[in-house]
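# Fold the stuff below for me.
(2 chains)
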Amino acid sequence: AQSVTQPDIHITVSEGASLELRCNYSYGATPYLFWYVQSPGQGLQLLLKYFSGDTLVQGIKGFEAEFKRSQSSFNLRKPSVHWSDAAEYFCAVGTFPNTDKLIFGTGTRLQVFP
Amino acid sequence: GAVVSQHPSWVICKSGTSVKIECRSLDFQATTMFWYRQFPKQSLMLMATSNEGSKATYEQGVEKDKFLINHASLTLSTLTVTSAHPEDSSFYICSARDFGPRGDNEQFFGPGTRLTVL
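Take a look at the predicted model:
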């Protein structure tokens, strides 16, 4: 069965520090991978996605993620965190083209200290 | 980007009553919408897939008679929680899929509806 694991429930970093959020997936076929951010009172916003091709994916707000098939990982990174990045981050795997479903990880809450 | 709205943003109801939540795609047509449920500090769990003009497809363990889904138009899907009970209290989120050139099979999420059943 497909699953997504985000090992870190809560991460705290200082503003300006680098960030890496971990994501591991389990899926039998080629995965479609996503990172979403959820701010309080707002819907999930897509940061980036990987379907195929270059394994290093650039997203919005300065985020990037690297797909590593050998490690079944899709970690999210940002070189310098801003206070406005504080939010909940979700990794998800899509089961396309068989279905339209997205399977989400449990999320990582990012707290940023000034 | 594509915008999805939900109404209401929060609702409090008495046990035994029914509550309807609307999900609208504001600037695109969505043949498929999805309904998720999110418990505090937990992930989003897909409840059902709603296709315009046809019956919704429910995930295993989701009571279709309790969570009624209607997708009568290309821009509106509704979720009705019937005979709500306190255990139905949760955060309900919808998403709409845009197959257009801009959308690239991406799901766009609404802001969610907080349901509290007393």
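
# Enumerate the residues of chain A near chain B.
Within chain A, the positions near chain B by C-beta under 8 Å from any C-beta of the partner chain are A:9, A:36, A:41-46, A:49, A:90, A:96, A:100-107. Every residue, glycine included, has its C-beta placed from N, CA and C.

# Now do B:N70 against chain A, distance only.
With distances taken as C-beta to the nearest C-beta, to the nearest Å, B:N70 is found 19 Å from chain A.

# Would you agree A:V93 falls within a strand?
Yes: counting by DSSP: H, G, I helix; E, B strand; the rest coil, A:V93 is found in a strand.

# so who does it touch?
If a contact means C-beta atoms under 8 Å, 6 or more residues apart in numbering or on different chains, then A:V93 has A:Q2, A:V4, A:Y25, A:Y27, A:P31, A:Y32, A:L33, A:F34, A:L102, A:I103 as its contacts.

# Next, the contact list for the residue of chain B found nearest chain A, please.
At 3.9 Å from chain A, B:F109 is the closest residue in chain B, using C-beta to the nearest C-beta. If a contact means C-beta under 8 Å, 6+ apart, then B:F109 has A:Y36, A:G43, A:L44, A:Q45, B:V4, B:I93, B:C94, B:S95 as its contacts.

# How about B:T80?
B:T80 touches B:S18, B:V19, B:K20, B:I21, B:F67, B:L68, B:I69, B:N70, counting by C-beta under 8 Å, 6+ apart.

# Pull out the buried members of those residues.
B:V19, B:I21, B:F67, B:L68, B:I69 (16 or more other C-beta atoms under 10 Å in any protein chain shown).

# For my notes, please list those residues in a markdown table and give pLDDT and secondary structure for each entry.
Shown next, in a markdown table, are the buried ones among the contacts of B:T80 (pLDDT from 0 to 100; DSSP: H, G, I helix; E, B strand; the rest coil):
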| residue | pLDDT | secondary structure |
| --- | --- | --- |
| B:V19 | 97 | strand |
| B:I21 | 97 | strand |
| B:F67 | 97 | strand |
| B:L68 | 96 | strand |
| B:I69 | 95 | strand |
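
# Can I get those residues in JSON lines including distance to B:G61?
Formatted as JSON lines, the buried ones among the contacts of B:T80 follow (distance: C-beta to C-beta, whole Å):
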{"residue": "B:V19", "distance to B:G61": "20"}
{"residue": "B:I21", "distance to B:G61": "20"}
{"residue": "B:F67", "distance to B:G61": "11"}
{"residue": "B:L68", "distance to B:G61": "16"}
{"residue": "B:I69", "distance to B:G61": "15"}
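
# Looking at those residues, which one is closest to B:S89?
B:S89 lies nearest to B:V19 out of these, by C-beta to C-beta, at 10.6 Å.

# Please name the nearest non-neighbouring residue to that closest one.
Of all residues not flanking B:V19 in the chain, B:V81 sits nearest, at 4.8 Å (C-beta to C-beta, 6 or more residues apart in numbering or on different chains).

# Tell me how far that neighbour lies from B:L68.
8 Å (C-beta to C-beta, to the nearest Å).

# Ramachandran coordinates for the residue nearest to A:Y36 when sequence neighbours are not counted?
Closest residue to A:Y36 apart from its sequence neighbours, by C-beta to C-beta, 6+ apart: A:L44 at 4.2 Å. Backbone geometry at A:L44, expressed as degrees, to the nearest 10, gives phi -70, psi 140.
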